[in-house]
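Colleague: Got a predicted structure here, sequence first:
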Amino acid sequence: MLDGTLTMQVGDEAVDLGAGSFVCIPPGVVHTFSDRSERPVRLLNFNTPAGREHYMRDLAAALAPGAPTAEELGRIASRYVA
């Protein structure tokens, strides 16, 4: 985390991450994140193995025109499940 506070849900555990903290998510572990504060969040995100960055690009494209449906999100995610 570079700035702000990010809430990470990793499996059954929710963790608030502040500047200077990090989280490592093993492959196959369900996770999500959110910014529950009024402040913007800045973070670095490393994706391994290579190729996972395309998921973020596809997701950003789906979010650009508005809120995608759960089905659309599922189709995007299914392309990147190992």
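Modeller: Nice, thanks for sending it over.
Colleague: Could you tell me how far residue 40 is located from residue 66?
Modeller: 21 Å (C-beta to C-beta, to the nearest Å). C-betas here are computed from N, CA, C, even on glycine.
Colleague: actually residue 72, not the one I typed
Modeller: Taking C-beta to C-beta as the criterion, residue 72 is separated from residue 66 by 11 Å.
Colleague: Repeat that for residue 1.
Modeller: Counting by C-beta to C-beta, the separation of residue 1 from residue 66 is 28 Å.
Colleague: Between the two, which has more neighbouring residues?
Modeller: A count of neighbours by other C-beta atoms under 10 Å puts residue 1 above the other of residue 1 and residue 66, at 18 against 6.
Colleague: I figured that one hits residue 19, correct?
Modeller: Yes. Proximity of residue 1 to residue 19 meets the contact threshold set by C-beta atoms under 8 Å, at 5.2 Å.
Colleague: Do you know the pLDDT at residue 3?
Modeller: Listed pLDDT for residue 3 reads 96.
Colleague: number of nearby residues for it?
Modeller: When counting by other C-beta under 10 Å, one arrives at 13 neighbours for residue 3.
Colleague: which ones are touching the nearest residue to it once chain neighbours are set aside?
Modeller: Using C-beta to C-beta, 6 or more residues apart in numbering and skipping the chain neighbours, the partner closest in space to residue 3 is residue 42 (4.3 Å). Neighbouring residues of residue 42 by C-beta atoms under 8 Å, 6 or more residues apart in numbering: 1-4.
Colleague: hmm, 10 Å instead?
Modeller: 1-4, 6, 19 (C-beta atoms under 10 Å, 6 or more residues apart in numbering).
Colleague: Switch those residues over to TSV; also include secondary structure.
Modeller: Converted to TSV, the contacts of residue 42 look like this (DSSP: H, G, I helix; E, B strand; the rest coil):
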residue	secondary structure
1	coil
2	coil
3	strand
4	coil
6	strand
19	coil
